[in-house]
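Student: 3D, please:
(chains A, B, C and D)
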Protein chains: 2
Amino acid sequence: MADADPRPQRDAARTRAAILHAAQQAFSTKGYTDTGVREITAAAGVNPALVSRYFGSKEKLYEAALSALLDARVVLGFPRDQFGEAVVRMLLAPAPQQRNPLPMMLLASADPTARAITDRLLTELFLEPLAAWYGPVRGAEKAACFSLLASGLTLYRQVYPLAALDGALSDETRAWLVQAFQSLID
Amino acid sequence: MADADPRPQRDAARTRAAILHAAQQAFSTKGYTDTGVREITAAAGVNPALVSRYFGSKEKLYEAALSALLDARVVLGFPRDQFGEAVVRMLLAPAPQQRNPLPMMLLASADPTARAITDRLLTELFLEPLAAWYGPVRGAEKAACFSLLASGLTLYRQVYPLAALDGALSDETRAWLVQAFQSLID
DNA sequence: CGCTTAAGTAAACAGCGGTATACATATCAT
DNA sequence: ATGATATGTATACCGCTGTTTACTTAAGCG
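Tutor: Just a heads-up that it's a prediction; the model follows:
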């Protein structure tokens, strides 16, 4: 037998992280309203009451789960002359789905509370930095068009899988996507 | 005073239609799970029990509401050489929101039952006819890309309004959209 | 008119949701 | 070791949801 695990059985930080991770997974799959607190905590192997203890409420847990995932920096680092190619490669990568904030955002559009939170976080953490990156001329519109494309693609590949977009895309379709993203810059 | 309304106070067809209309409106705004039967029937001015009588269940009501809205023919009639322009004009029109099935579909992605219904109806009533219209070479992929663009645009204009896409778009952004749709054909 | 039937209502049921309370136990400094 | 405290659990509460049941009333035909 291996040595006993030296870590204590009770670890607040670890438990909190487990809940957060389970919440991201569940919210990304079933949305805000259709995900229950009992379901999240069962996946994390803990008691439902711990959501209130560590996050205050289901709503606050959602906010924490989404903001931990939203980060515009991945996109801002791409080279401008090959921006479309880089973005498409990222979006089409055999993605660790649980690390992609888009499904969560797309699925959370229904409930008013979740919608308000999502709207605020999307704007602050993603759209505004991206708009600044695009520059002063129509930067906000370009950022919105970027989100539009990325969300649509993610919607029909991860959230709502369409057979036609499953697996590897044809070269032509891939080129169409690259061109659409790139022409936002040129 | 005007003459009394000759229509009877009780009219099954009219009541059923009122429920259906209220359901389309509510589902398009708050999604499947977050819309209650009581809420729908209150908007229609009738008793909640009538949903069971006229549609069987909330789930069946959702199916009826969505399928009454889904119709690929509006797109199939557009001229191919000005397809992008026609589509964008349609999507950007000061739309009677309640007649657009897209918000309903986008918001219903969460609940498993609603998702299954939406998936089936979208494929049968829209994607397959559109794929046939595009033709045998990558028709299905093209139809999926069309949905991707249209859904993304609708998402950030009607479901999840972004300030940058509000109202009239700039000529450049509009041209970008037209080009994206048109290049699916050329 | 009278009376059968369709149309609509009111109320309750059973289940589930998020959350708060009261309780148990592992951890760690003293 | 031992007690104080952080950590985790069990359970109950209350409000809401879709649906069913029993009942009421309008419509329309003979």
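Student: A:V178 reaches A:V88, doesn't it?
Tutor: Yes: using Cβ atoms under 8 Å as the test, A:V178 is close enough to A:V88 to be in contact (5.0 Å). C-beta: built from backbone N, CA, C; applies to glycine.
Student: Give the residue from these two that has the larger number of neighbours.
Tutor: A:V88 (23 against 18; other Cβ atoms under 10 Å in any protein chain shown).
Student: For stretch A:135-146, which residues meet the burial criterion?
Tutor: A:138-146 (16 or more other Cβ atoms under 10 Å in any protein chain shown).
Student: try stretch A:145-164
Tutor: For stretch A:145-164, the neighbour count (16+ other Cβ under 10 Å) marks A:145-160, A:162, A:164 as buried.
Student: how close does the most centrally placed residue in chain A get to A:F126?
Tutor: With distances taken as Cα atoms, centre = their mean, the residue of chain A nearest its centroid is A:P101 (0.3 Å). Shown here: A:P101 relative to A:F126, a distance of 8 Å by Cβ to Cβ, to the nearest Å.
Student: and for these two, which residues touch both?
Tutor: Residues touching both A:P101 and A:F126 (Cβ atoms under 8 Å, 6 or more residues apart in numbering or on different chains) are A:L70.
Student: DNA strand D contacts on chain A?
Tutor: Within chain A, the positions adjacent to DNA strand D are A:10-12, A:14-15, A:45-50, A:53 by Cβ under 7 Å from any atom of the strand.
Student: Run the chain-centre distance for the helix or strand containing A:R120.
Tutor: Using DSSP states H and E, A:R120 maps to helix A:112-122. Centroid separation for helix A:112-122 versus its chain: 13 Å, with Cα atoms, centre = their mean, to the nearest Å.
Student: What lies in contact with the helix or strand following it?
Tutor: Next helix or strand after helix A:112-122 toward the C-terminus (DSSP H and E): helix A:128-134. Contacting residues not belonging to helix A:128-134 are listed as A:72-73, A:75-76, A:139-140, A:142-143, A:146, A:184-185, B:164 [Cβ under 8 Å, 6+ apart].
Student: Can you classify A:L184 by secondary structure?
Tutor: Following DSSP: H, G, I helix; E, B strand; the rest coil, the label given to A:L184 is coil.
Student: What score does the spatially closest residue to it that is not a sequence neighbour have for pLDDT?
Tutor: Counting by Cβ to Cβ, 6 or more residues apart in numbering or on different chains, A:L184 lies nearest to A:K142, which is 4.9 Å off, once chain neighbours are set aside. In this model, A:K142 is scored at 98, pLDDT.
Student: List the contacts of A:K142.
Tutor: When contacts are counted by Cβ under 8 Å, 6+ apart, A:K142 touches A:131, A:134, A:184-185, B:173.
Student: mind checking which helix or strand it is in?
Tutor: helix A:139-154.
Student: Compute the inter-axis angle for that helix and helix B:139-154.
Tutor: Calculated by axes from the mean of the first three to the mean of the last three Cα atoms, to 10 degrees, helix A:139-154 forms an angle of 140 degrees with helix B:139-154.
Student: Between helix A:112-122 and helix A:139-154, find me the angle.
Tutor: Using the same axes, to 10 degrees, helix A:139-154 lies at 120 degrees relative to helix A:112-122.
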